[in-house]
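Participant: Give me a 3D structure for the following:
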Amino acid sequence: MSLKAFLAKLFAQKIVKKTQQWSQNPLATQQAVFRNLIQEAQNTAFGQDHNFEHIKTHADFVKQVPIRDYEGLKPYVDRVVNGEENVLWKGKPLYFAKTSGTTSGAKYIPLTKESMPYHIEASRNAILHYIHETGKTDFVDGKMIFLQGSPILTEKNGIKLGRLSGIAAHFVPGYLQKNRMPSWETNCIEDWETKVNAIVEETVKEDMRVISGIPSWVQMYFEKLQQKAQKPVGELFKNFNLFIYGGVNFEPYRAKFENLIGRKVDSIELFPASEGFFAYQDSQKEKGMLLLLNSGIFYEFIKSDDFFTENPKRYTIGEVELGVNYVLIISTNAGLWGYNIGDTVQFTSLKPYRVMVSGRIKHYISAFGEHVIGKEVESALQEAIQGSAIRINEFTVAPQITPKEGLPYHEWFIEFENEPEDEVAFAEAIDQAMRKQNIYYDDLILGNVLRKVVITKVAKNGFQDYMKSIGKLGGQNKIPRLSNDRKIAAFFENKNQNEK
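Facilitator: Numbers count the residues shown, from 1 in each chain. This next block holds a predicted model:
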């Protein structure tokens, strides 16, 4: 065992013990975070506008601070962007994580000197928990790659801004710099396809042991590696045994990954966002990710079924239940207050508190009251391909409300790597899996309101073409698993018509 591996084990033991201290006292931990946030922001513009000096309890907070998304908080963010101090949090942010918005164009998410360390520590601690549980340390002596956005930063009124992954690249610890890939120059390439090609050239002969990124873009990297080397990724990188990912459910990609790699590898799931680092997989044996209750974030939860009603109940960590779909609401030491990040979660454990990401509150299908969420379509697809040779590259689901003939239906746009031998049986398997999970969907099928799912094949690289068409190819961008409209569907319909 190398000195680096030995020290990693010792450090992992220390961090796991520290994690257990707060995870075993979740309510006290969150209460301490809550008090600190309110106290630190009392003299900010937001704190004064919302009577922070009188807030003592969560009930007080609920009365004073409404739930907002980015649009609701934008007037305050605009003041910060314009250079004003002490608006949402004391002083000015260190950075803005720039993301693409929907109605407001670019979104500027503040990162402060208090919040930024937690983004870095969470990724590190996830790996340390893996080391502590498995005893595996060989990877620390090999090369690691993080497929991420460009680290080039610009400035706006004296505050640096860029993509979160690019900002995080500036905080890679010194002891990892020699192992880390790609090179700085390659990482700065903006065009994603050009960047991936350059990464392939740099890494194809290296001893890659850890690979990290959003599954869809890592898959693109693996495919290009395989094309160049004419061998499976696992044969090319004989010591590659750890894949770290976040942003989407890995299960729909797992079979394709194992085929590209040529064997199974361990994986660690992360739950990061520009707004905060919320959870990471702390165990290879347990389901879900450890919710980070001591990281400067106070959590609230609203049941998804109640979210669009007037004044839905806001639950704290001590009030949540297993298996319920909740909208995640955060208040942070970066100055986001009662903030709806758009993600939905379900708790898989309450001792300690572990979550799984179940979807997006804006990404659902309920054209007929069926309330279908991302977790359900992912699980249905996984069940349908289980034990078969079917391989999926990417997929999305949309309702077809006005078909040319017959009843309405849910249309599944799927890019296959290996197609099913019996497409009708495959569609039936998906439909049956959906009906088992969602009673509303089942009722609509039984009541002849909807007919069974319809599969529309997407040509090779079709989803990459779609993402390129909207300027979101690569980086942290993800394909929505489902939508309540047909904007994505329209792209594939137009493409199919043009190819006829």
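
Participant: lowest-confidence helix or strand of the protein?
Facilitator: Within the chain, no helix or strand scores below helix 174-177, which has a mean of 65 by mean pLDDT, DSSP states H and E.

Participant: which strand is the longest one in this protein?
Facilitator: The longest strand of the chain (DSSP state E) is strand 339-350.

Participant: which stretches of the chain have low pLDDT?
Facilitator: Confidence mapping of the chain against pLDDT under 70 gives the ranges 100-105, 173-177, 475-476, 496-500.

Participant: re earlier: which neighbouring elements make contact with the longest strand of the chain?
Facilitator: strand 326-332, strand 353-360 (3 or more Cβ pairs under 8 Å, 6 or more residues apart in numbering; DSSP states H and E). Every C-beta, even on glycine, is put in place using the N, C-alpha and C of the backbone.

Participant: picking up where we left off before, what's the first helix or strand after the least confident helix or strand of the chain?
Facilitator: Scanning forward in sequence from helix 174-177 by DSSP states H and E, the next helix or strand is strand 180-181.

Participant: Could you check the angle the longest strand of the chain makes with strand 326-332?
Facilitator: 120 degrees (axes from the mean of the first three to the mean of the last three Cα atoms, to 10 degrees).

Participant: Show which residues not belonging to stretch 192-208 make contact with it.
Facilitator: The contact list for stretch 192-208, computed with Cβ atoms under 8 Å, 6 or more residues apart in numbering, reads 142-145, 147, 181-183, 186-187, 189, 217, 220-221, 224-225, 228-229, 236-237, 239-240, 473-475.

Participant: how long is stretch 281-300 end to end?
Facilitator: For stretch 281-300, the first-to-last residue distance is 21 Å (Cα to Cα, to the nearest Å).

Participant: Kindly report the same for stretch 297-308.
Facilitator: End-to-end for stretch 297-308, by Cα to Cα: 24 Å.

Participant: Now it: buried residues?
Facilitator: Along stretch 297-308, these residues count as buried under the neighbour rule (16 or more other Cβ atoms under 10 Å): Ile297, Phe298, Tyr299, Glu300, Phe301, Ile302, Lys303, Ser304, Phe307.

Participant: now stretch 380-389
Facilitator: Burial within stretch 380-389, assessed by neighbour count using 16+ other Cβ under 10 Å, is assigned to Ala380, Leu381, Gln382, Glu383, Ala384, Ile385.

Participant: what does stretch 321-336 give?
Facilitator: Result for stretch 321-336 [16+ other Cβ under 10 Å]: buried residues Asn325, Tyr326, Val327, Leu328, Ile329, Ile330, Ser331, Thr332, Asn333, Ala334, Gly335, Leu336.

Participant: hmm, back to that, want to try JSON lines for the buried residues of stretch 380-389, with distance to Tyr245 as columns?
Facilitator: Shown next, in JSON lines, are the buried residues of stretch 380-389 (distance: Cβ to Cβ, whole Å):
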{"residue": "Ala380", "distance to Tyr245": "21"}
{"residue": "Leu381", "distance to Tyr245": "18"}
{"residue": "Gln382", "distance to Tyr245": "16"}
{"residue": "Glu383", "distance to Tyr245": "21"}
{"residue": "Ala384", "distance to Tyr245": "22"}
{"residue": "Ile385", "distance to Tyr245": "19"}
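
Participant: Return the closest of these with respect to Lys487.
Facilitator: Nearest to Lys487 among those is Leu381, at 21.0 Å by Cβ to Cβ.

Participant: Surely the closest one and Phe395 touch.
Facilitator: Yes - if you go by Cβ atoms under 8 Å, Leu381 and Phe395 touch, sitting 6.6 Å apart.

Participant: Which residues are in contact with each of the two?
Facilitator: Joint contacts of Leu381 and Phe395 (Cβ under 8 Å, 6+ apart) are Pro252.

Participant: quick one on the thing from earlier: pick the one among the buried residues of stretch 297-308 closest to Asn51.
Facilitator: Ranked by distance to Asn51 (Cβ to Cβ), the buried residues of stretch 297-308 are led by Phe298 at 16.9 Å.

Participant: Which residue ranges of the stretch 1-150 of the chain form strands?
Facilitator: Remark: strands assigned in the stretch 1-150 of the chain by DSSP state E, counting those that start in this stretch are 95-100, 106-111, 143-146.

Participant: no no, the stretch 251-400 of the chain
Facilitator: Taking DSSP E, counting those that start in this stretch, the strands of the stretch 251-400 of the chain run over residues 266-273, 276-280, 289-291, 297-303, 326-332, 339-350, 353-360, 391-400.

Participant: want to throw those into a markdown table with distance to Gln13?
Facilitator: As requested, the strands of the stretch 251-400 of the chain are exported to a markdown table (distance: least, Cβ to Cβ, whole Å):
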| stretch | distance to Gln13 |
| --- | --- |
| strand 266-273 | 18 |
| strand 276-280 | 17 |
| strand 289-291 | 17 |
| strand 297-303 | 26 |
| strand 326-332 | 29 |
| strand 339-350 | 22 |
| strand 353-360 | 21 |
| strand 391-400 | 40 |
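
Participant: what's the closest of these to Asn494?
Facilitator: With Cβ to Cβ, the closest approach to Asn494 among the strands of the stretch 251-400 of the chain belongs to strand 391-400: 13.9 Å.

Participant: What is the distance between that closest one and the centre of its chain?
Facilitator: Between the centre of strand 391-400 and the centre of its chain there are 18 Å (Cα atoms, centre = their mean, to the nearest Å).

Participant: if we can go back for a sec, write the PyMOL selection for whichever of the contacts of stretch 192-208 are buried.
Facilitator: Listed next is the PyMOL selection for buried residues among the contacts of stretch 192-208, using 16+ other Cβ under 10 Å:
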select buried, resi 142+143+144+145+147+181+182+186+187+189+217+220+221+224+225+236+237+240+473+474+475
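
Participant: Among the contacts of stretch 192-208, which are located in strands?
Facilitator: For these, the ones inside strands are Lys143, Met144, Ile145, Met181, with DSSP E as the criterion.

Participant: closest to Tyr353 among the buried residues of stretch 380-389?
Facilitator: For those, the nearest to Tyr353 is Gln382 (24.9 Å; Cβ to Cβ).

Participant: which residues are contacting stretch 382-391?
Facilitator: Against stretch 382-391 from outside (Cβ under 8 Å, 6+ apart): 251-252, 255-256, 259, 392, 416-420, 426, 429-430, 433.

Participant: Among the residues you listed, name the buried ones.
Facilitator: Buried by 16+ other Cβ under 10 Å: Pro252, Ala255, Lys256, Asn259, Ile392, Phe416, Glu417, Pro420, Phe426, Ala429, Ile430, Ala433, out of those.
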